[in-house]
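Undergrad: turn this into a structure:
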Amino acid sequence: MSQELGAWLRAQRRARGWDVPQMARQLARAAGDSRDTLPSKECLLVYIRRWERGEVRVSERYQFLYCTAFGIELTDFGPDGRADQPRPLAVASPDLPDAPASDRAPDALAMHSRDPSITALPSRRYRDDEARRGRPVDPAEQTILAAAEESPGWAAFAGDWQQYERQLIMAAADESAGLARRAGQTNVHPLTLEQLDQDVDRLAGAYLTEPLVSLLYEMRQVRDVAFGLLEGRQYPDQARHLYVIAGQACGLFSSASSDLGYYSAAETHARTGWLCAELSGHSDLRAWILAIQSAVAFWDGRYRDAVQRARAGYRYASGLERVRLASLEARACGKLGDSDGVRAAIETADGARAQAGAESSTGIFGFPAANQVRCAGCAYLWLGETEAAVHALEHALQLYEADEASTGSYAHSAVTRVDLAISLLHLGRLDHAVEVVRPVLTLPPERRLAGVIRRFEVLRPLLLSGPFRDSPAARELDEQLEAFSAAGAARQLPNAAF
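TA: Residues are numbered from 1 along each chain as shown. The predicted model follows:
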């Protein structure tokens, strides 16, 4: 019914020789003293066109105004009414007279309109001028003219096509210039991006050396600044740069959440980081986010997911990111008891390291050789290859301590010591295990990360069973581990930190 009513409204208007702006004036005239309650002229033009296309319903108020403008009774309104032949309104003064039926151009707009029933009346003045020159109007020109008559402002040119053409082209040029002015605006100064890059690099470096609790709000601030700028207007390359910064900030937040034991929050941050990586088109960021997701899944006990995420990152990774992903894959395969998977991943990591050469990155963005060796040692430990695990973990600890002056990575050293102590207990070397783990127990509460405490859950049962069950040294170490765990870093956080 809406399409039929729209076609009826259009036919009634055209039968009176009115274009859309004239129809708007007639409705305003019909409103009389209440015309101040009508919408603006521009809005009314939009309404008329939508009514004639059948997109929206005509309210009772506008039905009454249409009837007044058309000079018909309300009962005659619409295609089902009795107004088959429209009666002219006495106050109407159409700008264009009705043309004879022979002069009409049926279906002139059919190829341009959603409604094939639309017809139009080409400019009589133009056609008369061309006829005097002995040239018939081309059908394509008729279509253009018919479309022009539907445009606001056509009647003001009294059918003068050349004047209308010039006005239309100049108006379109002004619109393009306006778009250029808006597109040329940016809310991002180059120094802003430089500062945000610096902030992210500083946080990546501080991640390994400072308590995470003290960094959370700075991570949040950098992320929120990037998100806030993205809500404005900037050049495409600036937008991509901002998405990289936002993705890095989300990745840092995800890793921190995981290290503090908030695995669900870590997944949420990582998903947003992945979206930012996709929007930026940055392959290394994609690979890094997938590595974080693999690590989160690993510490959440979802070892198959950890393997799948690591392998999914290979398509995006190069250099150190490939080393990182392969090392994480080896560690997760070790938990699954997949010996072949462990060895294949370690081989992949070795090959990628050789290709990466001296490549390095800041803080947590990097993946030094010590991390690679530590992951291999963990994989051997969980495969039950204890001697190989001890050898790899001792080597990793040496690498960390040699590099500690420059990186100060307390977290990596701590987890390596605990894994080494577990390996030593499997070999029955209690005294050596106590000596290895003792420096970890001196960490202040804000540096006691969830990864260390989770490893203690493996270490403590070994101290209370088997050959160490009655050992005073084993019981003392177990009590120290319990006290350490009770004051973990996550307990230092306010409830709203994540």
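Undergrad: residue 258: what's its closest spatial neighbour, skipping adjacent residues?
TA: Counting by Cβ to Cβ, 6 or more residues apart in numbering, the nearest residue to residue 258 once its immediate chain neighbours are dropped is residue 266, at 4.0 Å. To be clear about C-beta, it is placed using only N, CA and C from the backbone, and glycine gets the same treatment.
Undergrad: so which elements touch the helix or strand harbouring residue 328?
TA: Using DSSP states H and E, residue 328 sits in helix 320-335. Here helix 320-335 touches helix 283-299, helix 303-312, helix 339-356, helix 369-383, going by 3 or more Cβ pairs under 8 Å, 6 or more residues apart in numbering; DSSP states H and E.
Undergrad: can you redo those helices as JSON lines with mean neighbour count and distance to residue 19?
TA: Shown next, in JSON lines, are the helices and strands packed on helix 320-335 (neighbours: other Cβ atoms under 10 Å; distance: least, Cβ to Cβ, whole Å):
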{"stretch": "helix 283-299", "mean neighbour count": "24", "distance to residue 19": "55"}
{"stretch": "helix 303-312", "mean neighbour count": "20", "distance to residue 19": "60"}
{"stretch": "helix 339-356", "mean neighbour count": "17", "distance to residue 19": "70"}
{"stretch": "helix 369-383", "mean neighbour count": "24", "distance to residue 19": "74"}
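Undergrad: my read: residue 78 touches residue 8, true?
TA: Yes: counting by Cβ atoms under 8 Å, residue 8 is a contact partner of residue 78 at 6.1 Å.
Undergrad: residues in contact with residue 421?
TA: Contact partners of residue 421, counting by Cβ atoms under 8 Å, 6 or more residues apart in numbering, are 433, 434, 436, 437, 459.
Undergrad: phi, psi of the fourth one?
TA: When you say that, I think you mean residue 437. phi -90, psi -10 (degrees, to the nearest 10).
Undergrad: neighbours of it, how many?
TA: Neighbour count of residue 437, defined by other Cβ atoms under 10 Å: 25.
Undergrad: ok, residue 442 to residue 420 distance?
TA: 17 Å (Cβ to Cβ, to the nearest Å).
Undergrad: of these two, who's got more company?
TA: A count of neighbours by other Cβ under 10 Å puts residue 420 above the other of residue 442 and residue 420, at 24 against 8.
Undergrad: per-residue confidence for the closest residue to residue 284 other than its chain neighbours?
TA: Once flanking residues are discounted, residue 284 sits nearest to residue 321: 5.7 Å by Cβ to Cβ, 6+ apart. Listed pLDDT for residue 321 reads 94.
Undergrad: same question, residue 37
TA: The model reports residue 37 with a pLDDT of 64.
Undergrad: can you redo the helices and strands packed on helix 320-335 as TSV, where the extra columns are distance to residue 392 and mean pLDDT?
TA: As requested, these are exported to TSV (distance: least, Cβ to Cβ, whole Å; pLDDT from 0 to 100):
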stretch	distance to residue 392	mean pLDDT
helix 283-299	18	96
helix 303-312	19	97
helix 339-356	10	94
helix 369-383	3	95
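Undergrad: want to throw those helices into TSV with distance to residue 486?
TA: Formatted as TSV, these follow (distance: least, Cβ to Cβ, whole Å):
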stretch	distance to residue 486
helix 283-299	20
helix 303-312	28
helix 339-356	34
helix 369-383	25
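Undergrad: so which of those gets nearest residue 480?
TA: Minimum separation from residue 480 across the helices and strands packed on helix 320-335 (Cβ to Cβ) falls at helix 369-383, 22.1 Å.
Undergrad: tell me how far that closest one is from the chain's mean position?
TA: Distance of helix 369-383 from its chain centroid, counting by Cα atoms, centre = their mean, to the nearest Å, is 35 Å.
Undergrad: again with stretch 39-50
TA: Counting by Cα atoms, centre = their mean, stretch 39-50 is centred 36 Å from the centre of its parent chain.
Undergrad: what of stretch 336-351?
TA: Stretch 336-351 has its C-alpha centroid displaced from the chain centroid by 34 Å (Cα atoms, centre = their mean).
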